[in-house]
Structure formats: C-alpha cells, structure tokens
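# fold the following, please.
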Amino acid sequence: MDYTNQPYTDPAQDHEFEQIRAALALQTEEREENVSLQLPPSAGLEIALETDLEGIPPVDSRAVDLIVRYETGGKAYYNRFLSKPTWPGFSSGVTIGFGYDLGYNGKDSFSHVWKGHLKKSEISILSTAIGLRAPRDRARIDHLLPQFSGIIVPWESGRQVFVEHTLPKFRRLLHRSLPEVSKLPLLCEGALLSLVFNRGASFNRQGDRFLEMREIKRHLHQGNLEQIPAAIESMKRIWPNSPPPHGLQQRRIDEANLFATGLREAAGALVAGLQMPMAAGLEGAGPEPEEEFGEFAPVIEGIEENTEPSPAELAFDRFLDDAPAMLEVPEDPPAAYWPRHDINSPEYAHLTGLDAASEFSVGPDDIDFLMASNRFQPEGHGDVIVLGIRGSRLRGGVHERENQPSIDIEELRPDHVHFRCTLGFYFRRDRRISLFTGSTVPCPYYMENYYLRINGLPHKTSTGCNLMPSGSYTSRVGTHGGGSINPAVRTTDPDNLSQDAIVTVLRTTNDVAFGNQDTWDRCKPYDNIHCSYFLNKSSKHEAYFSSAGCSTVRGRKDPSDQWAKFQAVLNSIGSGNRVDYLLLTGKEYALASRLRSAGSPPGSVAEFGRLRTGSRGDEVSRLQSRLGISATGYFGPSTKLALTRAQRKKGVPGDGIFNPALDRQLDWQVFG
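Have a look, this model is predicted:
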C-alpha cells in the first residue's frame, strides 16, 4: 500500500455509538494484556519515568485528536456514556474523564490533577475509590459506583486533564522504551504514541502477536522509517473481528497514515526550505546550551588519541590475506549506521532535491568550480591540495588512479564499515589528480563505545569519536599517533602552521548515527589523515579501517598498498609544509560535473554557493554580522557553531552550511 498519498481519517468524525462501544471493549482488552506489564499495579501510572520531556515541543494536535477519538469514541459518545464515573472492565478501577483510572493513581496526585475541574466534595467522595482495582476490589467498586452517579466530568475538563497529565505519562513511557522517537517528526511520534496507548510499550515482547511491534523497534533503530507505516497496518491481522471503518483495524490504518504524513511533511518542509517542527531533530541529541563565545575562545586541551590496533590484530589481518573463505564467519551488522535519508544528514540535507548522475568523471574544472562556489581558498606547497570525496568509489573495481586528467567515480552514501570514500591529491599546477580508496568517517567500534561511555554504560575504550564535517581545512605534512605514522596529513591552525587546529565537529550521544540535531563540539579533535591499518574486515572494529574521526587511506602502516603511494606524495611535499585538505561529498562533485557538462550556465556558481568551514570573503563577514559574532571574513569553528544554533532557532536543520535558499528564506542578504 502506498501510504505517501493516504490521508488519515478525520479526527472530528464520530462513529455510531454501538460500534464504538465494541471497539472500546476490544482495545481495553488489548491494553489489559500489555500496558499492565509495563506499569505494574503497585505503582500504576504514578510510576516514576525518568525520561525528561522538558524542551520537547507538544504532541502534534492531529495526533492528539486521533488518540482522543479512539480513547473516548468522540465527544457525542463521551457525553452519552463516559462523562460519569464508570468501570471499564477487566482489572480497571473506577475511571473518570478520558481514562483516568482512580485505581492506579494516588490520592494526592488525584486531588492535584482534578482541582479546578471538580468540586471539593466530588474530589472527596471519588477519593474513596483510590487504589481499588478489579478483580480484587470488584464488589466494593460496584458498591461505590451508584454513589458517584451525580458527578459529571465535562468533555473540556476530561480533555485538558488528558493532555496535561495522562498524555505525558504515556509519552515518557514511549521515549523510555524507544529513545529514537526523539529524532522523529512530531506527527510520526504521535502515531507511535497512539499505538502505545492501545498496545502498551510491548516492543520487546516475544511471540507472533507482537511481531510488528518488534519490527517497528528494529526499523526505528536502523533508520528505515519508511517501513514503519506498513508494520503498523500489518497489525490488522490480530483483530479479524474489528474491521474498518471502525475498531482497531481502522485505528491501525489511521496510525499508519499519520506516520506516513509526518514523514512526507518533514521531507517536503526541508526541500521547500520551510520550518520543520521536530521533537529533537530527525537524527541526534538536540541543540547545545547557549554560551558566550568568540572565534578565538579558549578550548579545553585534549590529547591525541591513538587508534592503532594491537600487534595481534594487525597480525591477524595479514593472516586473513590468504585465509580460506571458510574462515569468514557472517556477523550481525553493527549498530552504527549512516542516516538512511539525506534530510537527516548534515552532509546531504542542503542537497536534498538536487539530482545528478551517480556515475561521472572528476576533473580539475570540477574541483575549481567547487572551490569557487564554496568560497574556498586552499593552499598547498607546490600547489598541491589534498582531496577527500565522502561517499564515492572508483569505477572499474580498482583502488587507485594516479596522475590523471580526470577520473571516473561513482557517487554513493558512506557507511561506517566499508571503504566508501576516496582520498588523493589535486596537482593544481599540472591540472592532474590522483585518487585512492579510503574512508572519511569513524568505524563502529569507536562510535559504539563513545555512545556507551557518554551514557554511563560499560565500555571497552574511552577514546572519543566524532564526524569531521565537510569543508576546507588548513593542514600540514606532519605525523599521527604521537609520531608513530610519519608522514601523515595533520589538521592545522590557519594562523600558526606549527599548531594543531581547533575544529567544530559533530558528536552523537543518543544513538550511533551522525544527524542534523546531534551535538556540535568546538574542540581540538586531532582529526588527521592516516592509513586504514587493515586490508580485511576487523571483527573488533567491525570495519575495514580503524578511525575515531580521522580520514583513512587503504593500506597498512608498513606502508603498503594505496597508503604507500599516498605517503610518497607527502614525502615529496616535505615535512612541515602546508597542504590543505578539501573535504566534500561525492554528490557535490556529481552536481559540479553535471553543471560543467551543461556549460556551467551563468549564475550556477552563485546559486550553488555554500558558506561552510574554510570559506572566506565578504559574504562570510556579512553572515558573521547576522550571527552577532566578529566579522573576520573567515568561516572558522565558532562561525560553524553560531550558524548551527541560529539554524535550529529558525526551525531548519542545524548543518552549519549556509546557502542561497536559506539566505532568501531568512532575508539576510548575505549573498547579495
């Protein structure tokens, strides 16, 4: 079923009373089977859920309307059957309003919540039912109900209590059970919240009845969001006697369409450059706290961490060169993953909606075009510039192309396991390029352990982990790993070539994917370029390379393979000499190739313009003035940090990349 064009049912529509009554009975039975397992009777809904919702926007009103309609049957049904205290059946207690169960709430909480909605005398008499639950207290409940017959809870009061008190409790339960929901558009979160109201947070329960609940958790963890609507609707099989247009089958359809609508609206808002309401972004941990900073604010010094594998690991990698295929044991995929959708990635979000061929040639004209459109002014000894093309590989199944006027490559998305990037050199004076297989992203081992350490969980290494964003970085020929790899490319302070650089990098703390709303950290990360160490996949690192944020070139430390040829160029440049690193995505090269093939129509450089790390010029100064920081004309780490914060305040992805479309939307007139 194509959910992308399916509207969800109008929440204002009231169903016929008796059909709704049957549906409510079925859903009550379902909740009795599941929610009680998540919220034990000894605590009820008073259970302390540690998940903090502070700072997260309210649930989308359309989702609230859907939940209210299915939880109450609509206003007409509520006024007819539920406005007086009732006993819904099963192990419930006396219930008032929109499912507020006195059997699972404390006396003080009840008085606090309903003060202002009920008379003191009504609160007093209803308090006699606090803690009473069937079947244990069924006789007493039956005895008390007639005494409550004169109490009426208006629809408006029931809804207000539901939205302000009941809804947040189930929302905390959802966030505690599936932390990834903080990444979703609010409408998508609302669809899952409706599901939890009905089925409980049964995402880990075994058995065929909960197959789709487990699938939703897996899809959410892996970022396959487009698969979730189908999983929700698939649950219709569980209730064959509750067919549409009413009952639980219809509820699953409406939830599926609600989730799909949320995805579609989020994607459309990003493409159109509009504000996109997010729970905490599609991928990541949310914005950093505000603080005063300048371009040269002090950074707490760290130490350069060595990610070199142990001698035993390196020896085993060599053993695998000639090991028979029977030794290769299939492994589960790592938890770390690249965002499945470009709108979630700070490297690709600004390119959403721009199409180009996946296979193309890279030449000096393309590199010059990208340097001009990004306002880069890289320098290099002997006019040599280091290239990093994130999300690419050489065509023809080869690992290297040297000293060529152009090179055929394929554009694809990176992952944290395989070599899905290319690195090399642009010999600008000779108009020639060399490219080698490599990676520009960290491996799962350091991503996963960083996540564990940051969240106070057992971990195997305390090494930090980050993603170095695309840009132009002042660099020098130096060493890496405390001098163990010499020469290497070392990220350098643009004002002091003997010092290492301060860079604003991306860190993820609530999952193992780098996304638009993860934490930007202005630090000294020691993100350099070194060898991959491995030629075979390491079971420990879960990848063909070892990196916690550095870029790597395929080859062993000896040196061997492509790393040996990469180092040969560095040796020719000479230790200490400048050799800037130009890091961009394969998609940007594909777009540049398309524009070049079309003759680079007038204005293409301007419209494809970007300001990001390494950009220079008057446009950068105008952007900095808009951001309220010193107008230096250089896009450094603090400009990156300030821009990401400003973007999030404006409701757009905080990728730290400024483009003409955003300029027009904000009317900042940065690009003139």
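# elements contacting the longest helix along the chain?
What stands out as the longest helix in the chain, according to DSSP state H, is helix 247-272. The contact analysis (3 or more Cβ pairs under 8 Å, 6 or more residues apart in numbering; DSSP states H and E) places helix 247-272 against helix 17-38, helix 61-72, helix 186-199, helix 228-234. C-beta coordinates here come from the backbone N, C-alpha and C atoms, glycine included.
# now the weakest link among the ones you listed, please, by mean pLDDT.
Per-stretch mean pLDDT for the helices and strands packed on helix 247-272 is lowest at helix 17-38 (a mean of 36).
# so for residue 209, what's the pLDDT?
If you check residue 209, the pLDDT there is 92.
# now it. Its backbone dihedrals?
With angles defined as degrees, to the nearest 10, residue 209 shows backbone torsions of phi -60, psi -30.
# that one: how many residues sit nearby?
A count of nearby residues for residue 209, using other Cβ atoms under 10 Å, gives 16.
# can you pull the contacts of it?
residue 238 (Cβ atoms under 8 Å, 6 or more residues apart in numbering).
# how near is it to residue 540?
Going from residue 209 to residue 540 by Cβ to Cβ, to the nearest Å gives 38 Å.
# flag the shaky bits of the stretch 1-150 of the chain, pLDDT-wise.
1-55 (pLDDT under 70).
# same question for the chain.
Checking the chain against pLDDT under 70 turns up 1-55, 267-302, 323-332, 600-606.
# about what we covered before: gap between the following helix or strand past the longest helix of the chain and the chain center?
Downstream of helix 247-272, the first helix or strand assigned by DSSP states H and E is helix 311-321. A distance of 35 Å separates the centroid of the chain from that of helix 311-321, by Cα atoms, centre = their mean, to the nearest Å.
# quick check: next helix or strand after helix 311-321?
Helix 311-321 is succeeded, C-terminally, by strand 359-362 (DSSP H and E).
# now for that following strand, which elements pack on it?
Using 3+ Cβ pairs under 8 Å, 6+ apart: strand 359-362 touches strand 407-411, helix 586-597.
# would you turn the ones you listed into a markdown table with mean neighbour count and distance to residue 634?
A markdown table is the format used below for those (neighbours: other Cβ atoms under 10 Å; distance: least, Cβ to Cβ, whole Å):
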| stretch | mean neighbour count | distance to residue 634 |
| --- | --- | --- |
| strand 407-411 | 20 | 30 |
| helix 586-597 | 22 | 21 |
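# quick one: which of those is nearest residue 321?
With Cβ to Cβ as the measure, strand 407-411 is the member of these nearest residue 321 (25.9 Å).
# give the contact list for residue 216.
Residues near residue 216 by Cβ under 8 Å, 6+ apart: 178, 192, 195, 203, 228, 231, 232.
# could you redo the last one with a cut-off of 7 Å?
Residues near residue 216 by Cβ atoms under 7 Å, 6 or more residues apart in numbering: 203, 228, 231.
# phi, psi of residue 98?
Per-residue torsions, residue 98: phi -90, psi 70 (degrees, to the nearest 10).
# how far away is it from residue 117?
As judged by Cβ to Cβ, residue 98 and residue 117 stand 12 Å apart.
# the two: who's more crowded?
Legend: neighbour count by other Cβ under 10 Å for residue 98 and residue 117, higher for residue 98 (23 against 17).
# quick check, the more buried one in contact with residue 72.
Yes. Assessed by Cβ atoms under 7 Å, residue 98 is found in contact with residue 72 at 5.6 Å.
# now do the shared contacts for these two.
Any residue near both residue 98 and residue 72 by Cβ under 7 Å, 6+ apart counts here, and not one turns up.
# quickly list what residue 386 is bridged to.
Note on residue 386: beta-bridge partners by DSSP bridges are residue 425, residue 581.
# so it touches residue 579, yeah?
Yes. In this structure, residue 386 is within contact of residue 579 by Cβ under 7 Å, at 5.5 Å.
# mutual contacts of those two, please.
With Cβ under 7 Å, 6+ apart, residue 386 and residue 579 have common neighbours 475, 489.
# need the contact list for residue 308.
Residue 308 neighbours (Cβ under 7 Å, 6+ apart): 481, 484, 533.
# distance of it from residue 548?
According to Cβ to Cβ, residue 308 and residue 548 sit 11 Å apart.
# what about the helices in the stretch 101-250 of the chain?
107-114, 120-126, 138-144, 155-161, 167-177, 186-199, 211-222, 228-234, 247-272 (DSSP state H, counting those that start in this stretch).
# tell me which of those helices sits most buried.
Across the helices of the stretch 101-250 of the chain, averaging neighbours per residue (mean count of other Cβ atoms under 10 Å) puts helix 186-199 on top, at a mean of 26.
# relative to helix 247-272, how tilted is it?
160 degrees (axes from the mean of the first three to the mean of the last three Cα atoms, to 10 degrees).
# what's helix 186-199 packed up against?
helix 17-38, helix 61-72, helix 167-177, helix 247-272 (3 or more Cβ pairs under 7 Å, 6 or more residues apart in numbering; DSSP states H and E).
# and if we set it to 10 Å?
Other helices and strands packing on helix 186-199, by 3 or more Cβ pairs under 10 Å, 6 or more residues apart in numbering; DSSP states H and E, are helix 17-38, helix 61-72, helix 167-177, helix 211-222, helix 228-234, helix 247-272.
# toward the C-terminus, what is the element adjacent to the second one?
Going back to what we said before, that points to helix 61-72. helix 75-77.
# for that next one, buried residues please.
75, 77 (16 or more other Cβ atoms under 10 Å).
# filter the contacts of residue 308 to the buried ones?
Applying 16+ other Cβ under 10 Å to those flags 481, 533 as buried.
# from what I can see residue 440 touches residue 338, true?
No. Contact criterion Cβ atoms under 10 Å: residue 440 and residue 338 do not qualify, at 11.5 Å.
# more neighbours: these two, which one.
More neighbours surround residue 440 than the other of residue 440 and residue 338, with 29 against 22 (other Cβ under 10 Å).
# OK, contacts around the more buried one?
Residue 440 makes contacts with 347, 388-392, 414, 420-423, 467-468, 470, 527, 529, 547, 549-552, 581, 583-585, as judged by Cβ atoms under 10 Å, 6 or more residues apart in numbering.
# relative to residue 530, how far out is it?
12 Å.
# and for residue 388?
In terms of Cβ to Cβ, residue 388 sits 13 Å off from residue 530.
# shared neighbours of these two, which are they?
489, 551, 553.
# who does the one helix or strand the first one maps to touch, helix- and strand-wise?
I take that to be residue 489. According to DSSP H and E, residue 489 maps onto strand 485-493. Using 3+ Cβ pairs under 10 Å, 6+ apart, the elements in contact with strand 485-493 are strand 471-473, strand 475-480, strand 496-500, strand 529-531, strand 551-553, helix 561-573, strand 581-585.
# quick one: it to strand 475-480, angle?
130 degrees.
# specify the angle between strand 485-493 and strand 496-500 in degrees.
Using the same axes, to 10 degrees: strand 485-493 against strand 496-500 is 110 degrees.
# in strand 485-493, what's buried?
Neighbour count says strand 485-493 has 485, 487, 488, 489, 490, 491, 492 buried, by 16+ other Cβ under 10 Å.
# do stretch 70-81 as well
70, 71, 72, 73, 74, 75, 77, 78.
# those: which two are farthest apart?
Top of the distance list for those (Cβ to Cβ): 70 and 75, 13.1 Å.
# follow-up on the earlier one: make CSV out of the helices and strands packed on strand 485-493 and add distance to residue 381.
Converted to CSV, the helices and strands packed on strand 485-493 look like this (distance: least, Cβ to Cβ, whole Å):
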stretch, distance to residue 381
strand 471-473, 15
strand 475-480, 8
strand 496-500, 11
strand 529-531, 16
strand 551-553, 19
helix 561-573, 5
strand 581-585, 13
